[in-house]
Structures are given as C-alpha cells and as structure tokens.
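# Sequence isn't available, so here's the structure alone:
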Ligand SMILES: CC(=O)N[C@H]1[C@@H](OP(=O)(O)OP(=O)(O)OC[C@H]2O[C@@H](n3ccc(=O)[nH]c3=O)[C@H](O)[C@@H]2O)O[C@H](CO)[C@@H](O)[C@@H]1O[C@H](C)C(=O)N[C@@H](C)C(=O)N[C@H](CCC(=O)O)C(=O)O
Ligand SMILES: Nc1ncnc2c1ncn2[C@@H]1O[C@H](COP(=O)(O)OP(=O)(O)OP(=O)(O)O)[C@@H](O)[C@H]1O
Ligand SMILES: N[C@H](CCC[C@H](N)C(=O)O)C(=O)O
Ligand SMILES: [Mg+2]
C-alpha cells in the first residue's frame, strides 16, 4: 500500500487532476485485473489502446489512472497525465514494490536459444546446495516446487514485479530469469538489477520485431551493460559469455563487469573437451582453473554442452565449487519438450523438440544425424505472426538433414497456415538432396501420424517447433495440442 504522491516522485508528470490523496493498494495495466484501490496504467498496445478501458477500470475499483491522452471518466479519480505511460510504468511499478529484485540474487539468461534449458540447469545446481530458488521463463514460473502459468517468456513490468515480490515474500534467495530480447527492448525488466548476466548465443530470430540483426544484438547487450559495475545498488556482479559465438566479443565489450567465458574450443575460462554422446547421455571433461573435471550428463547434443557450461559459469559466481556443481549435474534431467524421447517400446527413436529457429533446428538435426542408425524423418513448421524470413531458411535446413520431411503447421496465429507452409516449402525445395522426399501435410496431427507410420527400424523421427506446448494457436481459437500425446497415440496405433 502506498500513497499516490510518494509514487509520483519517481516519474515525470505533466498534470494531475482529481483526488490526489488516495492510497494505492495495487497496480495493473490490465483493466481485467483491476481491484478496489488499484492504479490503472493505460498502455497503447500493439492491438488495443488501454485508454479505452479507463472507465471499465474505474468501474472495477481503480482509484487512479496514468494516462498520456485525455480520458473522460465518471468519477473524481486521480488522473495523472504523463508523456509516455510505458515509461511511467517502468518508473513507478518497481518503486511500488520496493524493488524486490534488490532483495534476491538475480541471474538473467539471454540469447536466441538455450535460455530455458540453462535456467533449469542453474536451478537444479542451486537447489542442490539448499538455496531457495525461483524461476521465470517460457514454460512456467516456479517458486521452489510450486508452478504458475506464464504468458510471455519474460513478463511485462507489472506482472514481473508482482512475481518478484511474491518470491521475496516466500523467502526466495535466488531468482533465475530468461530475459528475452523483447523484454530488453521494451523495458519489461526495468527496476531489476541483475547480479549475473548469461549469454548463450545469437542467431537469427525475431527480425519481425527488431527489424535488423544489429538491433537484436543491441537489445541483448542491454543486459550486459546493466551488470556493469557502474550500476551500483548491488556489488559482486558478473557476466558469463559463450566465446565460441561470433557475437561473444560484442557482448563482452558491452560490459565492464568481470567476465567468465566458456568454450568447447579451448578459448574460454571454462572449457569442455573430449565430448562423446549417445541419444540420452553425453560425457566430457571440463577444464577450469587448471583442473579437469569429468562430467556425465543425462542430456545429449553439443548445444547442451554449451548450456551446461553457461549454467556452471553462473553457479561458480554463486561460490559453488566445481566439485559440487559436477555432482549436482549428474542428477539433472532434461527440460520437458527439449529433445524429449517418446518411448512406447518401438524400435526407432521419436524426439519432440522445441527447435523453432534456424540455429535451433540445425543443432537438433545435427545431433540426430550423429546418433541415428538409419533414416531421419523431420516434422516441423513455423509459427505465424513471427519472423517470416526464417521460414525458407528452416525449410532448407530440414531438407539438408532429413531423408523425409513433413512440412506442417506450428501456431499459425492470425496467418493463413497454407501460406506459412508455402514459405517453408520454398526452402525445402532448395535444400532437398537426391533420394530425399518431402510432403506438405498442413494438419499437424496428421503430419505427426504419417511420420510415425512411415518410420522403420533404426530411424529417428524429429518433431520440432512446439516442444512442451500443450496448445495450438489458430486464427479464431486456441486448441489443446501436444506433440508428445499425438506421437504416443501414433506409436500405439502402429
Ligand atoms: C508485441 C508484444 O510483445 N506484445 C505484448 C503486449 O501486448 P500488446 O501491446 O498487444 O497489448 P494489447 O493487447 O494491445 O493491450 C494494450 C493494453 O491494454 C490492456 N487491456 C487489454 C484488453 C482489455 O480488456 N483491457 C486492458 O486493459 C492490456 O493489458 C495492455 O496493457 O503486452 C502484452 C501484455 O504484457 C503481452 O502479453 C504481449 O505479448 C504478446 C502476447 C507476444 O506474443 N509477445 C511475444 C512477441 C514476446 O514478447 N515474445 C518474447 C520472446 C520469446 C522468445 O524468447 O523467443 C517473450 O518474452 O515472450
Ligand atoms: N545452446 C543452444 N544452441 C542452439 N540451439 C539450442 C541450444 N539449446 C537449445 N537449443 C535448441 O533450441 C530449442 C529451445 O531451447 P530452449 O527452450 O532452451 O531455448 P530458449 O532460448 O529458451 O527458447 P525461447 O526463445 O523460445 O525461450 C531446443 O529445443 C533445442 O532444439
Ligand atoms: N518464444 C518463441 C516461441 C516460438 C514457438 C513456436 N512454437 C511458435 O509459435 O512460433 C516466440 O514467441 O517466437
Ligand atoms: Mg525459453
């Protein structure tokens, strides 16, 4: 609970009208979440303008509004006019919650791929040392063992501050967050000071939003600027950076914080070498501080070696010894929907994976290539209302690796699924090798079933793009859809 006047010192105001003496019990930018005593911030969004919900918010109990346009409401609520309501939200909300991020160790993980996996690895290691851990990311929010649903990988300011505050109230000591480029560009993480920033990699994605790759890189770099020692509420900050990534150096340049680099090519502070793997495990040696540590993981793929190195780096900054980290990692099980093997006693492999970027797909198919005994069957599509330029690129990659490719729908959202598969097909045709075939099966269920039906002994079926998702977003509705369930059904039918 805070007086409106106390909050207003944190942001630049044009004018205030109405009752200025009110006390605020909550803040929201969503009229549907307004409670009695709420401050409602009107945001002009990508689809609707929050100002149009001003009256609705007042009817629901809002006692104050933050606006940038004139609104007419039917009571004497406090109306605070500002230049930019988004900026006001970024200023006011963390202050309302007394900056919860300053009361926990904050570990932020960014990069195109591997964020979810890396955050879960860090969580596993920290919990093995008895820390109370919260996690925020694509799959869910978790406070210790309790799980809560999430709508964005990195929630917007209000939701984020609410969650962080809840974590503090429940005694969380370490919060691990995926920090998406959208979040960094839109200021969703304002008021959050990170102790450790982790960079996994940077490859093409989200050009629909960032427009250029440089902008995308600049957004990612913001996290590392932020852990620079000059921002001084917290001390003991650090960065963990994949130095094998072509943009690793650019990320290093963005920060003045101490930097720990990792590599599988011997270039880092933390190095992995002699990697061998099966479809379920990988074994390698980690070299750190002049010592060698044998690692055995229940995950496969070189990309997961990178994720593990990133997680180790973050945990070394938490002063956990390499010996303890090594021991904890042995019991790590992979994240749902990330190279998840579907096993119903069949004599071929079926893998559900969340690869939804060119690099993600390339990595997963490369891994499949290395472990397959016979042919590779790939089922995938691309999401609608997302970077369309990645579609033919992913098509080409699928065709370069797969022996049979089923091009299908992902989450079409507002787009025509037939057009999306056509965009993918252009690349498939380009990349198709002699003897390889492809088929367009727009219905994802049908595509998965066909792929499973066509598999023979020793084959590997890769179903990519939706991983843990248990829904499919269509133009007019969202339906229940789970690649793993469909694959299991198909295996039982076979
Ligand atoms: C482009 C984008 O990021 N959009 C986000 C934005 O939505 P928006 O601007 O469309 O909001 P809007 O629907 O126009 O609404 C405007 C305002 O009116 C309010 N409103 C709306 C309806 C109503 O009845 N009452 C009301 O008050 C809304 O709460 C909002 O404040 O604000 C919403 C609320 O915070 C977000 O959920 C939404 O993310 C959408 C769903 C999304 O798909 N975002 C993707 C692109 C995204 O952010 N992805 C990243 C990256 C994932 C990765 O790593 O690959 C992520 O972090 O998730
Ligand atoms: N380090 C990595 N490098 C490249 N690809 C990876 C890496 N880690 C995972 N992948 C691939 O990307 C997919 C998504 O992995 P993960 O969910 O960990 O990434 P993310 O960055 O959280 O993705 P999102 O942007 O959707 O949140 C995996 O299913 C796998 O195919
Ligand atoms: N965080 C990613 C997830 C993509 C998952 C894929 N299934 C899709 O819907 O495109 C995004 O929002 O772009
Ligand atoms: Mg994620």
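Received the coordinates, thanks. Source: prediction; values computed, not measured. Ligands and ions are numbered 1, 2, ... in the order given.

# quick one, what contacts whichever residue of the stretch 101-250 of the chain sits closest to ligand 3?
At 5.5 Å from ligand 3, residue 153 is the closest residue in the stretch 101-250 of the chain, using C-beta to the nearest ligand atom. Where C-beta positions appear, they are placed from N, C-alpha and C, glycine not excepted. Going by C-beta atoms under 8 Å, 6 or more residues apart in numbering, residue 153 touches 115, 137, 138, 178, 180, 182, 183.

# again, but for residue 269
Neighbours of residue 269 in contact, by C-beta under 8 Å, 6+ apart: 259, 260, 261, 262, 288, 313.

# thought the fifth one was touching residue 270?
Yep, that's residue 288 we're talking about. Yes. Counting by C-beta atoms under 8 Å, residue 270 is a contact partner of residue 288 at 5.1 Å.

# Between those two, which contacts overlap?
With C-beta under 8 Å, 6+ apart, residue 288 and residue 270 have common neighbours 312, 316.

# Output the set of residues of the stretch 151-300 of the chain in proximity to ligand 4.
Residues of the stretch 151-300 of the chain found near ligand 4 (C-beta under 5 Å from the ion) are residue 178.

# just the residues of the stretch 151-300 of the chain that are near ligand 1, which are they?
151, 152, 153, 154, 156, 180, 182, 183 (C-beta under 6 Å from any ligand atom).

# pLDDT, secondary structure and distance to residue 18 added to the residues you listed, as TSV?
Conversion of these to TSV gives the following (pLDDT from 0 to 100; DSSP: H, G, I helix; E, B strand; the rest coil; distance: C-beta to C-beta, whole Å):
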residue	pLDDT	secondary structure	distance to residue 18
151	90	coil	32
152	94	coil	32
153	95	coil	37
154	97	coil	34
156	96	coil	26
180	96	coil	37
182	96	helix	34
183	96	helix	33
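
# which among those residues end up buried?
By neighbour count, with 16 or more other C-beta atoms under 10 Å, these hold 152, 153, 154, 156, 180, 182, 183 as buried.

# Make JSON lines from these and add distance to residue 337 to it.
What follows is these, written out as JSON lines (distance: C-beta to C-beta, whole Å):
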{"residue": "152", "distance to residue 337": "17"}
{"residue": "153", "distance to residue 337": "14"}
{"residue": "154", "distance to residue 337": "19"}
{"residue": "156", "distance to residue 337": "24"}
{"residue": "180", "distance to residue 337": "17"}
{"residue": "182", "distance to residue 337": "21"}
{"residue": "183", "distance to residue 337": "21"}
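
# out of those, who's nearest residue 27?
residue 156 (11.8 Å; C-beta to C-beta).

# list the contacts for the residue lying closest to that closest one once chain neighbours are set aside?
Among residues not flanking residue 156 along the chain, residue 188 sits closest, at 4.9 Å (C-beta to C-beta, 6 or more residues apart in numbering). By C-beta under 8 Å, 6+ apart, the contact list for residue 188 reads 152, 154, 155, 156, 157, 160, 182.

# Can you verify my assumption that the last one contacts residue 215?
No. Counting by C-beta under 8 Å, no contact exists between residue 182 and residue 215, whose distance comes to 11.6 Å.

# where's the closest residue to ligand 1 within the chain relative to ligand 3, distance?
Of all residues in the chain, residue 45 sits closest to ligand 1, at 2.2 Å by C-beta to the nearest ligand atom. In this view, residue 45 and ligand 3 are 16 Å apart by C-beta to the nearest ligand atom, to the nearest Å.

# what do you get for residue 292?
Taken as C-beta to the nearest ligand atom, the span from residue 292 to ligand 3 is 37 Å.

# so, in contact with ligand 2 or not, the helix or strand where that residue lies?
Secondary structure from DSSP states H and E places residue 292 in strand 291-297. No. Against ligand 2, strand 291-297 shows no contacts by C-beta under 6 Å from any ligand atom, the least distance being 13.1 Å.

# and the angle for the helix or strand just after that strand with strand 291-297?
Counting by DSSP H and E, the next helix or strand C-terminal to strand 291-297 is helix 302-316. Angle, helix 302-316 to strand 291-297, by axes from the mean of the first three to the mean of the last three C-alpha atoms, to 10 degrees: 120 degrees.

# Quick check: what element follows helix 302-316 along the chain?
Scanning forward in sequence from helix 302-316 by DSSP H and E, the next helix or strand is helix 322-329.

# by contact count, what packs against that next one?
Secondary structure elements in contact with helix 322-329, counted by 3 or more C-beta pairs under 8 Å, 6 or more residues apart in numbering; DSSP states H and E, are helix 115-128, strand 282-288, strand 291-297, helix 302-316.
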